[in-house]
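Chemist: here's a sequence, model it:
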Amino acid sequence: MATQKPQRSPEEVEDLILRKIFLVTLIDPVETNSGVVYLELTAAEILSEGKELKLSRDVMERVLIDRLSNELPNAEPPFSYLVGCYRRACEENKKILNMKDKNLRSEMELVVKQAKKLAVSYCRIHLGNPDMFPGVDVADGNVNANPMGKKPSPLLPLIYSEVGGALIDSYGGASTSGGITSPPGFLDEFFKEGDFDSLDPIFKSLYDNLREKVVRESALGNFQQPLRALLYLLSIPAGAKSLVTHKWWMPPGSFLNGRAMEVASILGPFFHISALPDTALFKSQPDVGQQCFSEASSRRPADLLSSFTTIKTVMNNLYDGLHEALLCLLKKSETRESVLEFLAAVINNNSSRAHLQIDPLTCASSGMFVNLSAVMLMLCEPFLDANLSKRDKIDPNYVFYSNRLDLRGLTALHASSEEVSAYISELNNGRTDSSTENGVKDNRLLTSLEATGSSSNSGGPPVQNVRSVSSSGDKVKYTFICECFFLTARVLNLGLLKAFSDFKHLVQDISRSEDSLASLKAMNEQTPTRQLELDIARLEKEIESYSQEKMCYEAQIVRDGGLIQRALSFCRLMVVWLVGLVGGFKLPLPAPCPMEFACMPEHFVEDTMELLIFSSRIPKALDGVILDDFMNFIIMFMASPEYIRNPYLRSKMVEVLNCWMPRRSGSSATTASLFEGHQLSLQYLVRNLLKLYVDIEFTGSHTQIAKAEEKGVYLNFLNFLINDSIYLLDESLNKILELKTLEAEMSNTAEWEQRPAQERQERTRQFQSQENIIRIDMKLANEDVSLLAFTSEQITSPFLLPEMVERVASMLNYFLLQLVGPQRKSLSLKDPEKYEFRPKHLLKQLFDAAADVLKRIGEDGRIIQEFVELGAKAKAAAVEAMDAENALGDIPDEFLDPIQYTLMKDPVILPSSRVTLDRPVILRHLLSDSTDPFNRSPLSPDMLIPDTDLKARIDEFIRSQATGNQVDTQLQSTKVTLQTPTTDVQLID
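Modeler: As a prediction, the model looks like this:
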């Protein structure tokens with residue numbers, strides 16, 4: 001029969017468990033165990049106290065301190081040892097559960113619980129005071145792990161293991177020993193049981209480590225684990241508070257600029273992670289362009305598509321993580337204000353990103369701002385519902401009173417800087433008695449986020465919009481929706497929209513480089529030189545670099561339909577909100593323009609139009625987007641200089657309409673209805689387009705044009721259309737002559753090859769430039785003439801008005817002279833269609849009944865006969881007019897027009913200069929210039945004063961010079977002849 005094991009006493013069991021947990025002994029072991037440490041001093045102390053040499057709860061902490069204080073050879077580092085104690089305690093706890101004695105089991109569970117708590121407590125003490133105990137933690141010894149010199153926290157690998165991903169070694173590298181894992185419950189107990197003062201330095205050290213880990217990481221780098229670790233730390237209240245109180249939450253003032261916010265702040269390097277290129281000094285690794293898009297022209301489409309998809313997925317994961325991080329901070333009242341200050345500091349210190357040229361040493365990268373744009377748009381999503389129901393929470397006075405964003409220095413939609421200042425003064429004077437308005441919490445946006453950052457009245461209702469400025473200079477409080485709206489609008493301007501512009505310029509650079517490369521290769525085929533080969537190699541390398549950068553932009557932005565659609569939704573909110581400032585979607589607009597609207601930043605509208613233009617050129621980007629509000633906005637404001645001062649900004653609206661034309665747009669079904677069944681389009685689109693065209697041509701005289709009648713606007717439109725047609729044709733024909741000269745030089749091979757290579761290269765570039773200019777100018781000239789032909793056929797009467805007849809005649813004569821005159825043979829081109837040069841087509845459009853022209857182009861004889869008859873009538877009318885003028889004899893100077901020196905028929909007085917002119921003469925002048933020709937003061941047709949006395953004297957003079965009413969009858973007959981259309985002919989000289 002087997003001998004039964006003697007039963008251990010509770011004290012013996014406790015001693016055994018604690019020895020296993022702490023790997024210590026109070027009795028000098030007979031056999032040396034490398035893992036167990038003999039605590040001789042503690043044993044002596046216990047004996048001197050008359051106690052047994054057994055470990056117990058009473059001596060547990062003394063034993064642990066003795067073990068940590070001993071500097072033993074090859075001893076386990078303090079942190080690793082303490083984590084091991086916790087892990088071993090967990091293992092012992094499992095064994096205790098199998099004990100049959102309930103009382104003993106209960107006692108031992110308390111022992112283990114105390115051991116775990118003690119291990120965690122000393123972990124916090126050690127990490128907060130690393131020099132308290134001897135020994136170097138493994139992570140501290142990994143010098144190469146962090147090039148910026150911050151000691152890596154040994155806690156970080158445990159956090160990495162907790163948040164998932166591959167097992168890593170003591171500081172983020174690949175593990176060679178199976179990896180380090182966090183004991184179950186260790187991190188929860190470590191962070192949640194400690195007070196803020198003890199945890200704060202630990203959190204700050206961890207944030208330093210995470211920043212250093214990602215500061216040079218690109219979209220293909222190892223940023224996922226640090227990002228998950230950041231989110232884990234922010235989920236702990238003390239961790240969130242510690243982050244915003246970190247010295248480098250925002251760099252100190254002496255270091256504070258846009259780039260410092262990106263590379264030195266704690267969150268900045270996370271926002272820097274991107275696929276977009278950056279300047280060499282701050283370039284991230286791995287190089288996305290090199291890894292994914294090198295030699296793209298020789299790659300399979302499927303490979304490129306895979307790279308595009310990978311980058312888009314990775315970046316969206318980053319956006320999600322950063323959004324979660326900011327949302328976590330915004331939900332906590334004690335950290336919310338710091339986050340808003342951080343975002344404002346990023347924006348204010350990068351305001352120069354709006355400039356054409358950016359200093360990469362002082363401005364953050366495009367990658368950071370595109371990331372920030374994506375994250376801010378995600379924060380806005382809760383109030384971007386279809387009905388935009390929360391837009392009333394956006395207070396326009398934020399532009400004037402915000403203590404965070406500096407918006408007052410931005411160009412306004414209509415108001416000058418002086419007018420903005422005066423308006424703010426007026427608001428301040430009128431708001432001294434205004435009171436704080438109560439608002440509603442933004443529960444649907446942020447579960448526990450009060451509408452303002454005020455913590456002084458956390459128990460009361462949140463402040464919605466404070467529309468007053470206190471005399472003591474207190475900060476004005478706004479709803480989170482209001483703050484988020486203006487922050488996002490500014491970030492988009494400096495970020496996503498700037499990236500669109502960079503992408504467009506990159507495409508243009510590629511096109512120019514490819515043209516230059518083709519020219520160099522053509523020259524090298526004729527006369528190869530070493531220098532040409534070097535230039536070709538340089539250009540090929542440059543194009544490869546450009547192409548890689550272009551594809552990086554395409555991967556992160558152009559192919560991210562979700563990002564673009566969120567941006568479109570936000571811009572829809574901007575235009576609907578702006579329209580709300582003027583009373584909603586209705587015409588005519590109220591006069592005068594409300595100052596709230598006039599003072600809003602111009603870039604709100606410019607960014608919206610640029611985004612619409614960019615997205616309209618991306619297939620399917622507009623699918624599902626509500627465009628009606630954009631269309632209403634464009635129709636309302638494109639011809640309203642009293643609301644949007646900049647005519648070139650309003651011309652962008654026409655560019656949007658051009659992109660939306662069904663024949664051009666990739667989403668014809670989406671955009672066709674905007675022209676065919678849209679109420680405002682049918683009623684106002686054409687007239688507002690004409691007004692805008694005239695406004696832009698007047699470039700500064702739009703205030704007078706806005707007052708003109710529709711008839712006057714249409715005449716101005718026709719006049720400028722004629723001017724454009726003449727200018728474009730003249731430019732094109734002159735360039736054709738220059739082009740033919742260059743062609744002749746290049747066709748003389750013997751002489752051409754004798755010229756220096758640099759001169760040949762320069763002349764070839766000039767030839768290509770001339771080709772492009774001719775092609776563009778002729779295309780526009782053809783469109784202008786087509787429009788003239790259409791309007792003269794559909795709307796005849798304006799062309800027959802006295803002020804237009806001579807203008808039209810001059811244009812027709814000019815076109816005839818240029819296209820069939822003496823120089824016509826010098827305009828022959830080898831391939832006229834290449835340049836869209838179609839003289840026959842132009843002439844047929846302008847002269848449907850011009851005999852000589854028709855003979856030259858081989859037209860039908862019957863049409864020629866009709867023109868001959870028409871010409872006879874015109875000639876007879878001209879002879880009659882000349883005879884009538886001659887019959888009058890010497891005409892007094894006061895009856896002659898001072899500009900044309902012809903007899904006035906309808907004299908009018910100019911109100912400013914008091915000069916008298918013939919009405920048709922001054923009206924013709926006003927078609928191109930809305931000023932008095934004698935003193936440049938503003939002038940419009942309705943301001944002309946009829947000189948009835950002078951007209952009566954002229955009429956009396958005509959009657960007195962004639963026998964009966966012969967001359968007068970001739971003049972009236974001539975007038976009727978000139979203004980009576982013949983059959984289908986609507987223009988007569």
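Chemist: burial count for residue 389?
Modeler: Using other CB atoms under 10 Å, residue 389 has 10 other residues around it. C-beta here means a position set from N, CA and C on the backbone, and glycine is covered the same way.
Chemist: also residue 409?
Modeler: Residue 409 has 9 neighbouring residues, counting by other CB under 10 Å.
Chemist: roughly how far does it sit from residue 550?
Modeler: 34 Å (CB to CB, to the nearest Å).
Chemist: cool, and residue 837?
Modeler: On the measure of CB to CB, residue 837 and residue 550 end up 33 Å apart.
Chemist: in the helix or strand residue 226 falls within, what counts as buried?
Modeler: Residue 226 is located in helix 224-234, with elements delineated by DSSP states H and E. Buried residues in helix 224-234, counted by 16 or more other CB atoms under 10 Å: 224, 225, 226, 227, 228, 229, 230, 231, 232, 233, 234.
Chemist: got TSV for these, with distance to residue 953 and pLDDT too?
Modeler: Listed next are those as TSV, based on distance: CB to CB, whole Å; pLDDT from 0 to 100:
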residue	distance to residue 953	pLDDT
224	93	93
225	97	93
226	93	95
227	90	95
228	95	95
229	96	95
230	91	96
231	92	96
232	97	95
233	95	95
234	91	95
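Chemist: among those residues, which one sits closest to residue 594?
Modeler: If you rank the buried residues of helix 224-234 by distance to residue 594 using CB to CB, residue 234 comes first, at 42.6 Å.
Chemist: ok, how many other residues are close to the residue lying closest to the closest one once chain neighbours are set aside?
Modeler: The shortest distance from residue 234 to any non-neighbouring residue, by CB to CB, 6 or more residues apart in numbering, is to residue 328 (4.6 Å). Neighbours of residue 328 under the rule other CB under 10 Å: 20.
Chemist: mind listing what's buried in whichever strand or helix holds residue 328?
Modeler: Using DSSP H and E, residue 328 sits in helix 301-331. For helix 301-331, burial by neighbour count (16+ other CB under 10 Å) applies to 304, 307-308, 310-312, 314-315, 318-319, 321-331.
Chemist: which other helices and strands does it contact?
Modeler: helix 224-234, helix 237-244, helix 268-272, helix 288-293, helix 333-348, helix 366-380, helix 530-553 (3 or more CB pairs under 8 Å, 6 or more residues apart in numbering; DSSP states H and E).
Chemist: and these: which comes nearest residue 399?
Modeler: helix 333-348 (13.8 Å).
Chemist: so how far is stretch 417-433 off the chain centroid?
Modeler: With CA atoms, centre = their mean, to the nearest Å as the basis, stretch 417-433 stands 31 Å off its chain's centre.
Chemist: please identify the buried residues of it?
Modeler: By neighbour count with 16+ other CB under 10 Å, stretch 417-433 contains the buried residues 420, 423, 424, 427.
Chemist: and these, which is closest to residue 809?
Modeler: Using CB to CB, those come closest to residue 809 at residue 420, 49.3 Å.
Chemist: pLDDT on the host helix or strand of that closest one, on average?
Modeler: In the assignment (DSSP H and E), residue 420 maps to helix 417-430. Helix 417-430 shows a mean pLDDT of 85.
Chemist: what of stretch 193-203?
Modeler: For stretch 193-203, the mean confidence score works out to 89.
Chemist: could you do stretch 62-69 as well?
Modeler: The average pLDDT for stretch 62-69 rounds to 90.
Chemist: quick check: end-to-end length of stretch 362-369?
Modeler: Taking CA to CA, to the nearest Å, the first and last residues of stretch 362-369 lie 14 Å apart.
Chemist: mind checking how far that stretch is from the chain centre?
Modeler: 13 Å.
Chemist: for the residue nearest the centre of the chain, which non-adjacent residue is spatially closest?
Modeler: In the chain, the centroid-proximal residue (CA atoms, centre = their mean) is residue 497; its distance is 1.4 Å. In space, and not counting its chain neighbours, residue 497 is closest to residue 607: 4.8 Å by CB to CB, 6+ apart.
Chemist: quick one, the helix or strand encompassing residue 776 and helix 530-553 angle?
Modeler: Using DSSP H and E, residue 776 falls within helix 757-794. Counting by axes from the mean of the first three to the mean of the last three CA atoms, to 10 degrees, helix 757-794 lies at 50 degrees to helix 530-553.
Chemist: run the chain-centre distance for the following helix or strand past helix 757-794.
Modeler: With elements assigned by DSSP H and E, the helix or strand that comes after helix 757-794 is helix 802-820. Distance, stretch centre to chain centre, for helix 802-820: 46 Å (CA atoms, centre = their mean).
Chemist: right, and residue 323 touches residue 373 too?
Modeler: No - with contacts counted by CB atoms under 8 Å, residue 323 stays clear of residue 373, the gap being 11.8 Å.
Chemist: quick one: contacts of the strand or helix carrying the residue nearest to residue 497?
Modeler: Per DSSP H and E, residue 607 falls inside helix 603-616. By CB atoms under 8 Å, 6 or more residues apart in numbering, the residues outside helix 603-616 that reach it are 354, 410-411, 413, 489, 492-493, 496-497, 500-501, 504, 564, 567-568, 571, 574-575, 578, 621-622, 625, 630, 633, 637, 644, 649, 652-653, 655-656, 659-660, 665-667.
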